[in-house]
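**Q** any chance you could fold what I've pasted below:
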Amino acid sequence: MKDGKKGNRLVDSSSPYLKQHAYNPVDWFPWGDEALDKAKAEDKLIVISVGYAACHWCHVMEHESFEDDSVAKIMNENYVSIKVDREERPDVDQIYMTAAYLTMGRGGWPLNAIALPNGKPIFAGTYYPKDQWLKVLDHFTNMYANDKEKALKAAEDITKNIGLLEYYSFNAAEPLFEKNDLEAMFNKWDEIVDHKKGGRKGQDFRTPKFPMPNNWEYLMKYSALSGNTKAFDIVETTLDQMAASGLYDHVGGGFTRYSVDQDWMIPHFEKMMYDNGQLVSLYSQAYRKTKNPIYKQRVYETLEWVKREMTHKNGGFYSSLDADSDGEEGKYYVWDYQELQPLLGEDFDLYCYYYNITPDGNFEHKNHLHKRNTDAVVAQKFAMSIEDVIEKIQGINQKLYAEREKRVRPGLDDKIITSWNGLMIQGYVEAYRSFGEEEYLEAALKAGNFIHSEQLKKDGSLYRISKDGNSSINGFLDDYSITAMAFIDLYQVTFDEEWLTRAKDLVDYAHEHFYDANSKMYFYTSDLDPELIARKMEVNDNVIPSSNSTLARVYLKLGHYFYDNNYLEMSETMLNNLKKDAVESPAFNSNWGQLMLDFIEEPYEIAIVGPDADAKRAEFDQQYFPNVLLLGGNSEGQLKLLENKLIPDQTTIYVCRNKVCKLPVTEVSEAVKLID
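**A** Okay, the predicted model is just below:
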């Protein structure tokens, strides 16, 4: 019971998002046969409402409509209503989000679809104020009662197109990836990026701007392999702007999901694990190239936030923090000008100048911190050294963090998602490679072992969700591909071949249960899962690289490690299927772009064998090498490339490419010279 109310069927759900709706007057069902069977038996339309716990506009629509008795009465009388957590069931979200793009030309959350009793959608949209939502309900109630044939035809047309969208046919042409393809891709990039503020250009100031880490990882890699310095200028501008911006939580660490403006000033305040895992990776790699201390600081502070607030005792990482607290978006993060004066005392003017704090504020008359001046400019204005400015600001932020902790905290979605944990493992690994902090490696290993021991079933399949010690929901393709990539990364910093074997086992299972022989691509859902109205693929890259592009990159890496030409051919075939899209729309296929770079500039295999293998590996990792696969250890291990490579009482480095090795050397500096 909550406030004396009787809960609906969501009361016992493991999803924090579903639990948020457990005491709505709407008679919600979770996704499943019970709801669909009821709709068929009573010949009722279905409302399928999709969101997630940290979603601000999901909360708004709940308060305006789903908590309203009059709205609930209409929904309960005329519809079977289903609530879906998109993070638990991205397969369901994928289908009805596609319907939203087909019917409305746009998507987002909350996602609200109207479907036939069999689940086929006749309409899908996003957030609606109460009056508009009532009109939507009334319209489709009348259509189904008075013109059912129209509803049936609409559903058939939409469902047919859902199945076709993002389905790629096999490209029988000979695979051919050339440097002029990369140049054409960069010309496309050059047109769409914001050269002044970083990120992608929007149509106007109010266009949201997302961090899109894989975009900048691609351009950084492309710049290094092509010599195009302009490409890295774009990356550096973007990283500098995001690090200084309101996208970043300067007091507590961590990045929010996106900014609502083109200046990165005001964020949508939710913090997602998938963003932060990728951004830690990106900033760590960029640090190896630039040695920019701000990049290091952002990594350290973000990982401190992850450790402090987002890590389960079992080593897994939680999903997200809400945008709202105490019923208001951003309330936990913003500061009143008058509030800061007594807190900061003589440091008030310095802090206000540093973070552009004004009496009028920048967010609903309060101030969200964003940095617009360099430390050097601040130091000059206040007659301080740069080091003293940095130390002073860090001390003030610690003080304000303690003050902020007295507020109502944003809600935590404490479910653990396998694929998102894979992204955070990769982030910890990249941070370890850049900074050598042992606790970063320990966190990555603990999370990796958690997935292997708790999320992996005896038959080799993965669970997607862990919540309160219970694992549930069959994994989707991203759970397999991203986790496999994380396990490969763990091998490269431990030289423990068990991680490679685990990665291989995951992709072999995925091939058996997700593969489409016609297209030679992979479905998002397993052949063992209950069928939905369409079986879709996830191919194009977005805020998270797609499961197909990640799997194709995993195949390339494992093909090199295991001398497996079948893996290499599968990777090449998948990329060839996407080549046209990758060249024409590189921003939405940047992970495919990274794979194309690996086929054009074939990776180096750097074998380090001997008693000091780890120390040499750590020294090697102080530089940025975007097309290198590390392998080795104290012994030769089981990998073919390491056979007969061990020289007693000596640590030897072999620089190899496509199984052909140059003469061995003993110093990292000598090995670096052998890399073109």
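**Q** residue ranges with poor pLDDT in the stretch 1-150 of the chain?
**A** 1-7 (pLDDT under 70).
**Q** mind jotting down where the helices sit in it?
**A** 16-20, 33-42, 56-61, 69-78, 90-104, 130-146, 148-164 (DSSP state H, counting those that start in this stretch).
**Q** one more: the stretch 301-450 of the chain?
**A** Secondary structure of the stretch 301-450 of the chain (DSSP H, counting those that start in this stretch): helices located at 337-344, 348-354, 375-381, 386-404, 418-435, 438-450.
**Q** same question for the stretch 501-650 of the chain.
**A** Under DSSP H, counting those that start in this stretch, the stretch 501-650 of the chain gives helices at 547-561, 565-584, 590-600, 613-620.
**Q** list the buried residues of the second one.
**A** Along helix 565-584, the positions that meet the burial threshold by neighbour count (16 or more other C-beta atoms under 10 Å) are 567-568, 570-579, 582-583. The way it works is simple: take the backbone N, C-alpha and C, and place the C-beta from them, glycine included.
**Q** would you turn those residues into a markdown table with distance to residue 191?
**A** Shown next, in a markdown table, are those (distance: C-beta to C-beta, whole Å):
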| residue | distance to residue 191 |
| --- | --- |
| 567 | 35 |
| 568 | 33 |
| 570 | 33 |
| 571 | 29 |
| 572 | 29 |
| 573 | 30 |
| 574 | 27 |
| 575 | 23 |
| 576 | 25 |
| 577 | 25 |
| 578 | 21 |
| 579 | 20 |
| 582 | 16 |
| 583 | 14 |
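**Q** quick one on the thing from earlier: can you redo the helices of the stretch 1-150 of the chain as JSON lines with mean neighbour count?
**A** Below are these laid out as JSON lines (neighbours: other C-beta atoms under 10 Å):
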{"stretch": "helix 16-20", "mean neighbour count": "23"}
{"stretch": "helix 33-42", "mean neighbour count": "15"}
{"stretch": "helix 56-61", "mean neighbour count": "20"}
{"stretch": "helix 69-78", "mean neighbour count": "15"}
{"stretch": "helix 90-104", "mean neighbour count": "22"}
{"stretch": "helix 130-146", "mean neighbour count": "15"}
{"stretch": "helix 148-164", "mean neighbour count": "16"}
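**Q** what's the closest of those helices to residue 298?
**A** Checking the helices of the stretch 1-150 of the chain against residue 298 by C-beta to C-beta gives helix 56-61 as the closest, at 24.2 Å.
**Q** and for residue 622, the neighbour number?
**A** 13 (other C-beta atoms under 10 Å).
**Q** quick one: residues contacting it.
**A** 288, 434 (C-beta atoms under 8 Å, 6 or more residues apart in numbering).
**Q** also residue 235?
**A** Per C-beta under 8 Å, 6+ apart, neighbours of residue 235: 216, 219-220, 223, 286.
**Q** tell me the bridge partners for residue 471.
**A** Counting by DSSP bridges, residue 471 is bridged to residue 466.
**Q** these two touch, right, it and residue 454?
**A** Yes - counting by C-beta atoms under 8 Å, residue 471 touches residue 454, with 6.0 Å between them.
**Q** could you say which helix or strand holds the residue nearest to the spatial centre of the chain?
**A** Taking C-alpha atoms, centre = their mean as the criterion, residue 274 is the residue nearest the geometric centre of the chain, at 3.3 Å. Element membership of residue 274, judged by DSSP states H and E, is helix 273-290.
**Q** CA atoms only: put that helix into PDB for me.
**A** What follows is helix 273-290, C-alpha atoms only, in PDB (Å, rounded to 0.1, in the frame of the first residue of the first chain):
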ATOM      1  CA  MET A 273      25.800   4.900 -17.100                       C
ATOM      2  CA  TYR A 274      26.100   4.300 -20.900                       C
ATOM      3  CA  ASP A 275      27.200   7.900 -21.500                       C
ATOM      4  CA  ASN A 276      29.700   8.000 -18.700                       C
ATOM      5  CA  GLY A 277      31.300   4.700 -19.500                       C
ATOM      6  CA  GLN A 278      31.900   5.800 -23.100                       C
ATOM      7  CA  LEU A 279      33.000   9.300 -22.100                       C
ATOM      8  CA  VAL A 280      35.500   8.000 -19.600                       C
ATOM      9  CA  SER A 281      36.900   5.900 -22.500                       C
ATOM     10  CA  LEU A 282      37.000   8.800 -24.800                       C
ATOM     11  CA  TYR A 283      38.700  11.300 -22.500                       C
ATOM     12  CA  SER A 284      41.200   8.600 -21.400                       C
ATOM     13  CA  GLN A 285      42.200   8.000 -25.000                       C
ATOM     14  CA  ALA A 286      42.300  11.700 -25.700                       C
ATOM     15  CA  TYR A 287      44.600  12.200 -22.700                       C
ATOM     16  CA  ARG A 288      47.100   9.700 -24.100                       C
ATOM     17  CA  LYS A 289      47.200  11.800 -27.300                       C
ATOM     18  CA  THR A 290      47.200  15.300 -25.700                       C
END
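**Q** show me what that helix is packed against.
**A** With contacts defined as 3 or more C-beta pairs under 8 Å, 6 or more residues apart in numbering; DSSP states H and E, the packing partners of helix 273-290 are helix 213-226, helix 229-244, helix 293-309, strand 318-321, helix 418-435.
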